[in-house]
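[1] Sharing a model that was predicted from the sequence below.
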Amino acid sequence: MTASEPEDFDLEVLSHLDSVYRVALWLCGDPIEAHDLTQDTYERAFRARATFTRTNVRAWLLTILRHHFFNVRRRRALAAEVAIEEAERVPSGPVPELPSGLVRRDIEAALAELPQELRLPLLMADVEEMSMAEIAEALDWPVGTVKSRLWRARIRLGTLLREYRRSES
């Protein structure tokens, strides 16, 4: 990015505002804290604009968000950063079919039960429609870890949703 393109940078960065907020909300679960995290992420991004060298602005913003979120949590001693294990073998096979008649609250409740290391890649892939490479870049994980966690998240989510449907019957 060159100094002659500040408006392009601003427009590109701001075009991802909703995406950054949604991920922040799923990280912390609190709309007010998510707003603060989003604002802090953008403040840091605009301060670091001269050092921006990546081509994927959204992944760069989500990396800033993730780092800031974990720094805030460590300072508050509310949670520890999730350790990233070695990439696990991704079993092959289809994702189980979800039951019909699900409602938004069922899905939100099931997502909230997923551990963060499974929830975040799932949301980035299925809600934000990011590629495996983009998720790996944003989370600073190997692509194999992203694939493994995404597969595990989808299987766990399917299991939770089937349990919700059974409990309502």
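    All right, it came through fine.
[2] buried set for the lowest-mean-pLDDT helix or strand in the chain?
    When the helices and strands of the chain are scored by mean pLDDT, DSSP states H and E, helix 104-113 comes last with a mean of 81. For helix 104-113, burial by neighbour count (16 or more other C-beta atoms under 10 Å) applies to Asp106, Ala110, Leu111. To be clear about C-beta, it is placed using only N, CA and C from the backbone, and glycine gets the same treatment.
[3] Just want to check the distance between the second one and Leu123.
    Here the distance between Ala110 and Leu123 works out to 12 Å (C-beta to C-beta, to the nearest Å).
[4] Repeat that for the first one.
    In this structure, Asp106 lies at 16 Å from Leu123, with C-beta to C-beta as the measure.
[5] The last one too?
    Relative to Leu123, Leu111 is positioned 7 Å away (C-beta to C-beta).
[6] And the helices in this protein, which stretches?
    Taking DSSP state H, the helices of the chain run over residues 6-14, 17-28, 31-47, 57-76, 104-113, 116-126, 132-139, 143-168.
[7] related to what we said a few turns ago, just put the buried residues of helix 104-113 in a markdown table and tack on distance to Gly144.
    What follows is these, written out as a markdown table (distance: C-beta to C-beta, whole Å):
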| residue | distance to Gly144 |
| --- | --- |
| Asp106 | 31 |
| Ala110 | 25 |
| Leu111 | 23 |
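[8] Dead centre of this protein: give me the residue that sits there.
    By C-alpha atoms, centre = their mean, the mean C-alpha position of the chain lies nearest to Leu120, the distance being 3.6 Å.
[9] tell me the contacts of it?
    Val23, Trp26, Leu27, Arg66, Leu139 (C-beta atoms under 8 Å, 6 or more residues apart in numbering).
[10] Just send those residues back as JSON lines, with pLDDT, neighbour count and distance to Arg149 too.
    Below are the contacts of Leu120 laid out as JSON lines (pLDDT from 0 to 100; neighbours: other C-beta atoms under 10 Å; distance: C-beta to C-beta, whole Å):
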{"residue": "Val23", "pLDDT": "91", "neighbour count": "28", "distance to Arg149": "15"}
{"residue": "Trp26", "pLDDT": "88", "neighbour count": "21", "distance to Arg149": "14"}
{"residue": "Leu27", "pLDDT": "87", "neighbour count": "23", "distance to Arg149": "15"}
{"residue": "Arg66", "pLDDT": "90", "neighbour count": "20", "distance to Arg149": "14"}
{"residue": "Leu139", "pLDDT": "86", "neighbour count": "21", "distance to Arg149": "9"}
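[11] quick one: which two of those residues are the most distant?
    Greatest spacing in those, by C-beta to C-beta: Trp26 and Leu139 (13.1 Å).
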